[in-house]
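Visitor: Quick one, structure for this:
(2 chains)
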Amino acid sequence: MSTVTLTDVSHRYPSTVTPSVTGVTLHVPDGEFFVLLGPSGSGKSTILRMIHGMERPSGGTVAIDGQDVGSTRPSDRDVMLAFENYALYPHMTVAENMGFALRLTGLDRDEIDRRVLGAAAQLGLTEVLDARNDELDGLQRQKVALARALVRKPRVFVMDEPLAHLPQDVRDSTRDQIRAMQQDLGITTLYATSSLEDARAVADHIAVLDDGRLLGVFAPEQFSQLTTLVPEPEPEPS
Amino acid sequence: MQIHAERLASEVRKLPWHLPLAAWPKDLLVGLPRGLSRHVVRFVELGGDVLAVKETQDRIAAREHDMLQALTNLEVPAVAPLGHVVERRTAAGAQLPGALITVHLRYSLPYRALISQQLDIGVAERLVDALAALLARLHLAGFFWGDVSLSNALFRRDADSFAAYLVDAETGELHADLSDGQREHDLHLARTNIAGDFLDLQAGGKVASDVDPMAFSDQLLRRYRTLWQELREPEEFSIDERWRIDDRFRRLNAIGFDIGELTVTTDLDGVTTRIEPKVVEPGHHRRRLLRLTGIEAQENQARRMLNDLDSYRIATGRADDSEEKSAADWLRDVYRPVVEGIPGDFRDRLEEAQVFHEFLDHRWYLSERSGSDVSTPDAIRSYVENVLPQRPREASYLREPSTAALQVLSEHDLRDPDYWE
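Guide: Below is the predicted model of the structure:
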């Protein structure tokens, strides 16, 4: 049960004249699928990185469950970057692929096994825990990638353009699955994208960003306002 | 279909772009050890170059081409792009993914090919060190990688070390400078991915079960932080310790960097001096070697040759000659006889500069065993007869992995069908 609140948050990267984020205030209610929508350079990735803790705001506060996390290390925030790595290792089983990052945290084997079994049950992967990469279909691979973050028991998921590097033919189905999984899991999720279509398909609310500023927060149904603010990117040549 | 190629455009055009890469005819392909990739990758030979072709989305192929070009322009160790292809279709008109074309880096291998049946811990540690050095250089250039792993790099031998090259820039971002957060993010990814790389080798039986894969992640972080501190961190000392400025220069030179710009500030009381390297450039030894001899080598190979040149000057009474004249004599008397002594059929085993490095090791070994200096011609003969035949072929690729080729490449795990693309 987690909320995320940004209050007047600004950020500037070194050697840049203009801030990457300027005075952003927004509130993400518990369990929401909250989309940050904007073109490249609009500040959405930087906002996710500040929530995750990789970047520090130059002004303002980031709070999780009402607590300012400004001095909390990324590893102690329980904010997970989902889909940071899609690569599945060929010699490892699904269970090993899901749990290996937990070994880095020093967690004991029994607890790792418990968490892997729990995440597999939540995502419908129990039957394939002993399978290897080449025995999985595309959707199962995406689920394993998500499961890697889920076993960390996050309070908040952040997803930075998770579809950007996927082939076109699995993009829409993966997007819909991410949404379905998020609804099942109920974990507060912030999702950055430059595609209005993707945003409308998954979001409870959409924060529109441009040039580091928040233009407004909309419901997906507020289509006309959104299309005015965010023209759909040029379609890829077909 | 649109083909963008820096060169070889007419040959590139003749490739069967209307077929999915996985279905390209075998006679077109050359076999090379491959790394892990979520994309289909194939190797072809065109105009004397081996090219890697990777299928990916149109937009990503174009972006990665631009990114690799920018990194090449910044002289960061990365594979060079040759082109990209977008708007591909089958003969029946169905859409196909785009493709990125890069030039295969001669003598380079993926880490999996450098790790034999059972992991040599020393090799693994040197690969991790090379990756740490690559990451520091990328960060100096303002490049956030976003997917740091051994799988996304290629490795070339560099004297007793390895030099790492970036091969996958898909997730990368280029900035004027990186924030600490961006660098830490890359380190966080590196830590997870490197442990994953070695855990996978362990699961595949190539790493003994008592080896701790996490130790390699920790090693990368340690190496990177030490290097970064030397390259960028400010240093403060009292005004009467100005020798420490020279010391910083020397330490940076020793790890292969030159200082392009250094800020020196002294506080108002004139008690404390603070120095901060602003611009550091890699390649200290390779630039010096190139200037003196015209030999292009990697940093550690160059360092070794320069040491040999110094020994040669002293041993032959040339200490008072100019460095340039001594270098010309050393080229004539030592370097050329060695590389020209390599029989033709061994030339594709190792890079010339690496052969020379191994020759120096061998000459030292012979001299130590016999208790006196062994002459260069005798050492060459012994090296060509006894050492070179044992070396794997690293320059070359194989049209079909034949039995003979398997023997030559015996240190690699060729039983693994995943090994060949």
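Visitor: all strands of the stretch 251-400 of chain B, in order?
Guide: B:257-266, B:272-282 (DSSP state E, counting those that start in this stretch).
Visitor: Switch those strands over to a markdown table; also include mean pLDDT.
Guide: What follows is the strands of the stretch 251-400 of chain B, written out as a markdown table (pLDDT from 0 to 100):
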| stretch | mean pLDDT |
| --- | --- |
| strand B:257-266 | 84 |
| strand B:272-282 | 84 |
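Visitor: Looking at the ones you listed, which one is packed in the most?
Guide: Mean neighbours per residue, mean count of other Cβ atoms under 10 Å in any protein chain shown, is largest over the strands of the stretch 251-400 of chain B for strand B:272-282, with a mean of 16. Glycine gets a C-beta too; all of them are placed from N, C-alpha and C.
Visitor: Around residue 76, how many other residues sit close by?
Guide: Reading this off chain A. Residues lying near A:D76 (other Cβ atoms under 10 Å in any protein chain shown) number 10.
Visitor: not what I meant, chain B
Guide: Neighbour number of B:V76 under other Cβ under 10 Å is 21.
Visitor: ok, and the closest non-adjacent residue to it?
Guide: B:A141 (5.0 Å; Cβ to Cβ, 6 or more residues apart in numbering or on different chains).
Visitor: Tell me, what's the model's pLDDT at that neighbour?
Guide: pLDDT recorded at B:A141 is 93.
Visitor: Distance to chain A for the strands of the stretch 251-400 of chain B - can I get that in CSV?
Guide: Compiled in CSV, the strands of the stretch 251-400 of chain B are given as follows (distance: least, Cβ to the nearest Cβ, whole Å):
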stretch, distance to chain A
strand B:257-266, 14
strand B:272-282, 12
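Visitor: can you list those strands in a markdown table and add distance to B:V338?
Guide: Formatted as a markdown table, the strands of the stretch 251-400 of chain B follow (distance: least, Cβ to Cβ, whole Å):
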| stretch | distance to B:V338 |
| --- | --- |
| strand B:257-266 | 28 |
| strand B:272-282 | 26 |
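Visitor: among the ones you listed, which is nearest B:L15?
Guide: strand B:272-282 (35.5 Å; Cβ to Cβ).
Visitor: where does B:V128 land on pLDDT?
Guide: Reported pLDDT for B:V128: 95.
Visitor: pretty sure it is touching B:D218, no?
Guide: No: look at B:V128 against B:D218 with Cβ atoms under 8 Å: they stay out of range, at 9.6 Å.
Visitor: neighbour-wise, which of the two wins?
Guide: Neighbour count, other Cβ under 10 Å: between B:V128 and B:D218, B:V128 has more, with 28 against 15.
Visitor: In the chain, where is pLDDT below threshold?
Guide: Went with chain A since none was named. Scanning chain A for pLDDT under 70 picks out the ranges A:1, A:85-86, A:231-238.
Visitor: hmm, I had chain B in mind actually
Guide: In chain B, residues with pLDDT under 70: B:33-37, B:116-118, B:393-421.
Visitor: Which parts of it belong to which domain?
Guide: B:2-104, B:111-232, B:235-282, B:285-390 (automatic domain parsing).
Visitor: Just tell me which of the ones you listed ends up closest to A:D65.
Guide: domain B:111-232 (22.3 Å).
Visitor: buried residues in the helix or strand A:I178 falls within?
Guide: A:I178 is part of helix A:168-185 when elements are defined by DSSP states H and E. For helix A:168-185, burial by neighbour count (16 or more other Cβ atoms under 10 Å in any protein chain shown) applies to A:170-171, A:174-175, A:177-179, A:181-182, A:185.
Visitor: out of those, which one sits closest to chain B?
Guide: Nearest to chain B out of those is A:R171 (Cβ to the nearest Cβ; 9.2 Å).
Visitor: Surely the closest one touches A:L163?
Guide: Yes: assessed by Cβ under 8 Å, A:R171 is found in contact with A:L163 at 4.9 Å.
Visitor: Quick check: phi and psi at the residue lying farthest from the centre of chain B.
Guide: Farthest-out residue of chain B from its mean C-alpha position, per Cα atoms, centre = their mean: B:D269, at 47.1 Å. Note on B:D269: backbone dihedrals following degrees, to the nearest 10 are phi -80, psi -10.
Visitor: And B:D168, its phi and psi?
Guide: The phi/psi pair for B:D168 (degrees, to the nearest 10) is phi -130, psi 110.
Visitor: re earlier: and the domains of chain B, which is most packed in?
Guide: With a mean of 20, the top stretch among those by mean neighbour count (mean count of other Cβ under 10 Å) is domain B:111-232.
Visitor: List the contacts of the closest residue to B:L252 other than its chain neighbours.
Guide: Leaving aside its sequence neighbours, B:L252 sits nearest to B:I259 (Cβ to Cβ, 6+ apart; 5.9 Å). By Cβ atoms under 8 Å, 6 or more residues apart in numbering or on different chains, B:I259 lies in contact with B:248-249, B:252, B:277, B:279-281.
Visitor: try A:D176
Guide: Per Cβ under 8 Å, 6+ apart, neighbours of A:D176: A:201-202.
Visitor: what about the closest residue in space to A:R213 that isn't next to it in sequence, helix or strand, and which?
Guide: Leaving aside its chain neighbours, A:R213 sits nearest to A:T22 (5.3 Å; criterion: Cβ to Cβ, 6+ apart). Element membership for A:T22 (DSSP H and E) is strand A:21-28.
Visitor: I figured the residue nearest to B:V76 hits B:A70, correct?
Guide: No: B:A141 is beyond contact range of B:A70, at 9.1 Å (criterion: Cβ under 8 Å).
Visitor: list residues touching both of the two?
Guide: The contact sets of B:A141 and B:A70 overlap at B:L174 (Cβ under 8 Å, 6+ apart).
Visitor: got the CA positions of the longest helix anywhere in chain B in PDB?
Guide: The longest helix of chain B (DSSP state H) is helix B:180-203. Provided in PDB are the C-alpha atoms of helix B:180-203 (Å, rounded to 0.1, in the frame of the first residue of the first chain):
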ATOM      1  CA  ASP B 180      26.800  10.700 -10.100                       C
ATOM      2  CA  GLY B 181      23.300   9.200 -10.300                       C
ATOM      3  CA  GLN B 182      23.700   8.100 -13.900                       C
ATOM      4  CA  ARG B 183      27.100   6.600 -13.100                       C
ATOM      5  CA  GLU B 184      25.700   4.800 -10.100                       C
ATOM      6  CA  HIS B 185      22.800   3.500 -12.100                       C
ATOM      7  CA  ASP B 186      25.300   1.900 -14.600                       C
ATOM      8  CA  LEU B 187      27.200   0.400 -11.700                       C
ATOM      9  CA  HIS B 188      24.000  -1.000 -10.200                       C
ATOM     10  CA  LEU B 189      23.200  -2.600 -13.500                       C
ATOM     11  CA  ALA B 190      26.800  -3.900 -13.900                       C
ATOM     12  CA  ARG B 191      26.700  -5.400 -10.500                       C
ATOM     13  CA  THR B 192      23.600  -7.400 -11.300                       C
ATOM     14  CA  ASN B 193      24.500  -8.400 -14.800                       C
ATOM     15  CA  ILE B 194      28.000  -9.500 -14.100                       C
ATOM     16  CA  ALA B 195      26.800 -11.800 -11.300                       C
ATOM     17  CA  GLY B 196      24.200 -13.100 -13.800                       C
ATOM     18  CA  ASP B 197      26.900 -13.700 -16.400                       C
ATOM     19  CA  PHE B 198      29.000 -15.800 -14.100                       C
ATOM     20  CA  LEU B 199      26.000 -17.500 -12.400                       C
ATOM     21  CA  ASP B 200      25.000 -18.600 -15.800                       C
ATOM     22  CA  LEU B 201      28.400 -20.000 -16.600                       C
ATOM     23  CA  GLN B 202      28.200 -21.800 -13.200                       C
ATOM     24  CA  ALA B 203      24.800 -23.200 -14.100                       C
END
